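Asks: This is a predicted model, with the sequence first.
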Amino acid sequence: MASETHFDPFERFAETERLVSKVYFRFSHLFLHHPELRDFWWDMAMQEEQHASVLLACKAVIENFSDEAVDPSPSISQEKADQLQAKINAYLSKGTPSITVEEAFKVALEIESSEIDVIYSKLLQLGGPKIAKTMENLGIPASVQRQKLKSALQRFCQNPDLLRAAERL
């Protein structure tokens, strides 16, 4: 349990957001021949990078509070971070030389419907409502990102299972 005391949820989940961005950057490179899809995945990747930066900015602001202590809830644990990172690393370790549009959207739906957004929101709340609002204003809200994903999926995919999954986002 000694490693649990060194667990920094902001650092770890910023790292997780960056892993998600790597998945989306990979998709943008795999769809170079299709400019609209390439740009969509690039934008998704940049938003994930922004989420990582917002988490680190939030950490820096909270660290300057003299009267506040960050006490992550039990749902923001090292175990949860490890689970999410293992899932995302599994996508990255495939080394996919090509992927269909529907396969890419399936991966994105799995990532975006994971607990990553819930944890991101909880981390922002740790600094209190003013910090949370400030940090949310700096980034693209997860709901906006999910809506973009849903719209793109409806535009580029025909798979009824994926379309139903998008509606549940």
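Replies: Thanks, I have it.

Asks: When you work out contacts or count neighbours from here on, use the C-alpha atoms and nothing else.
Replies: OK.

Asks: and A52, what does it touch?
Replies: If you count contacts by Cα atoms under 8 Å, 6 or more residues apart in numbering, A52 has them with 13-18.

Asks: and the residues you listed, which are buried?
Replies: Among those, those scoring as buried are 13-18 (criterion: 16 or more other Cα atoms under 10 Å).

Asks: so can I have a markdown table of these showing distance to R26, pLDDT and secondary structure?
Replies: Formatted as a markdown table, those follow (distance: Cα to Cα, whole Å; pLDDT from 0 to 100; DSSP: H, G, I helix; E, B strand; the rest coil):
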| residue | distance to R26 | pLDDT | secondary structure |
| --- | --- | --- | --- |
| F13 | 20 | 87 | helix |
| A14 | 18 | 90 | helix |
| E15 | 17 | 92 | helix |
| T16 | 16 | 90 | helix |
| E17 | 14 | 91 | helix |
| R18 | 12 | 94 | helix |
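
Asks: Just put these in a markdown table and tack on distance to R155.
Replies: Formatted as a markdown table, those follow (distance: Cα to Cα, whole Å):
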| residue | distance to R155 |
| --- | --- |
| F13 | 31 |
| A14 | 30 |
| E15 | 30 |
| T16 | 28 |
| E17 | 25 |
| R18 | 26 |
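
Asks: Which two among those are spaced furthest apart?
Replies: F13 and R18 (8.5 Å; Cα to Cα).

Asks: that older thread, closest one of the buried ones among the contacts of A52 to Q125?
Replies: Among the buried ones among the contacts of A52, and counting by Cα to Cα, the member closest to Q125 is F13, at 14.2 Å.

Asks: Give me the distance between the closest one and P97.
Replies: 27 Å (Cα to Cα, to the nearest Å).
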